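A.B. asks: sequence first, then the predicted structure, then my questions.
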Amino acid sequence: MRRMCLAIGISMMLGLPALMAGTKATSKPADQRWAAQNLKGTIQMVDPTAHLLIVRDPSGVPFDIKVTPSTRIEAGTTREQLSQLTPQESVSIHYVPQSNGDIGRTIQVGK
């Protein structure tokens, strides 16, 4: 009986810290998130209903850029909407990589 109580006590002491470690929040601090990136390329597809812009960089790699209400789209000095963009236009994009996709911050058309 004594051995059994001792074995249970030891296993609880060893298992409890491991169990509690699994319940901690796992959010990354700001300095470990991905840094903002710049992209130059050509628009391949515009999908205003999905708020999506697909851009191909000069090496041929496609990027799916999510366009949010805070994304600033400019053509020269005028503001534009996502629906006004057309395939084959050159763009310069400043975006933030996220675990759920790349979020566009600014889109400059014609650069």
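C.D. replies: Alright, I've got the coordinates.

A.B. asks: just the helices in this protein please.
C.D. replies: 2-21 (DSSP state H).

A.B. asks: that one: strands as residue ranges?
C.D. replies: Counting by DSSP state E, residue ranges of the strands within the chain are 37-47, 52-56, 62-66, 72-75, 78-79, 90-98, 101-109.

A.B. asks: could you dump those strands to TSV with mean neighbour count and mean pLDDT?
C.D. replies: All C-beta atoms are positioned from the backbone trio N, CA, C, and that covers glycine. Listed next are those as TSV, based on neighbours: other Cβ atoms under 10 Å; pLDDT from 0 to 100:
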stretch	mean neighbour count	mean pLDDT
strand 37-47	15	96
strand 52-56	20	96
strand 62-66	17	96
strand 72-75	16	96
strand 78-79	9	94
strand 90-98	17	95
strand 101-109	18	95
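
A.B. asks: ok, residue 103 to residue 89 distance?
C.D. replies: Distance, residue 103 to residue 89, using Cβ to Cβ, to the nearest Å: 20 Å.

A.B. asks: right, I mislabeled it, should have said residue 46
C.D. replies: 9 Å.

A.B. asks: show me whatever sits in contact with both of the two.
C.D. replies: Residues touching both residue 46 and residue 89 by Cβ atoms under 8 Å, 6 or more residues apart in numbering: none at all.

A.B. asks: let me see the contact set for the residue nearest to residue 72 when sequence neighbours are not counted.
C.D. replies: Spatial nearest neighbour of residue 72, excluding adjacent residues (Cβ to Cβ, 6 or more residues apart in numbering): residue 106 at 4.8 Å. By Cβ under 8 Å, 6+ apart, the residues touching residue 106 are 71-74, 93-94.
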